[in-house]
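Trainee: From the sequence below, what's the structure:
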Amino acid sequence: MRTTIQLDDQLHDLARRYALTQNMTFTALLEQALREKLLTRRVKSSQRLPIKLKTVKGNGLRQGIDLDNNAALLDLMDDY
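Mentor: This next block holds a predicted model:
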């Protein structure tokens, strides 16, 4: 697919020179860089370790506490 992108002049020159030293085209360099960036991101997100949360023993929520009401929760927290 043909597309047009705008690059900083210095970045463009650096990438062109790098591609030449690696005996590859500018297009091949961009494709490789995009693949590495996008595939690495996908792998990292699937390798995340599960989060372990510590819990405490208790009787659950006190009666009358509504977890959906932030203002009421803040008022209760102020009392302690």
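Trainee: host element of the most far-flung residue of the chain relative to its centre?
Mentor: Taking CA atoms, centre = their mean, the residue of the chain most remote from its mean C-alpha position is residue 63, at 38.9 Å. Counting by DSSP states H and E, no helix or strand carries residue 63.
Trainee: Also residue 58?
Mentor: According to DSSP H and E, residue 58 maps onto no helix or strand at all.
Trainee: Offset the numbering so it begins at 568, please.
Mentor: Got it, the first residue is 568 from now on, which makes the last one we talked about residue 625.
Trainee: And it, what's its pLDDT?
Mentor: Per-residue confidence (pLDDT) for residue 625: 76.
Trainee: what about it, how many neighbours?
Mentor: Residue 625 has 7 neighbouring residues, counting by other CB atoms under 10 Å. C-beta here means a position set from N, CA and C on the backbone, and glycine is covered the same way.
Trainee: For the helix or strand hosting residue 602, list every residue counted as buried.
Mentor: Per DSSP H and E: residue 602 is located in helix 593-613. In terms of neighbour count (16 or more other CB atoms under 10 Å), helix 593-613 has its buried residues at residue 596.
Trainee: Please list the residues outside that helix that contact it.
Mentor: Helix 593-613 is contacted by residues 582, 583, 585, 586, 589, 591 when judged by CB atoms under 8 Å, 6 or more residues apart in numbering.
Trainee: Same question for stretch 583-590.
Mentor: For stretch 583-590, the surrounding residues in contact (CB under 8 Å, 6+ apart) are 592, 593, 595, 596.
Trainee: I'd like to know how many residues surround the first one.
Mentor: In other words, residue 592. 12.
Trainee: got the contact list for residue 632?
Mentor: Applying CB under 8 Å, 6+ apart, the residues near residue 632 are 639, 640, 643.
Trainee: circling back: could you save the contacts of stretch 583-590 as TSV and add columns showing distance to residue 569 and pLDDT?
Mentor: Formatted as TSV, the contacts of stretch 583-590 follow (distance: CB to CB, whole Å; pLDDT from 0 to 100):
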residue	distance to residue 569	pLDDT
592	14	95
593	13	95
595	15	95
596	16	96
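Trainee: now, among those, which is nearest to residue 573?
Mentor: Using CB to CB, residue 593 comes nearest to residue 573 of the contacts of stretch 583-590, at 14.4 Å.
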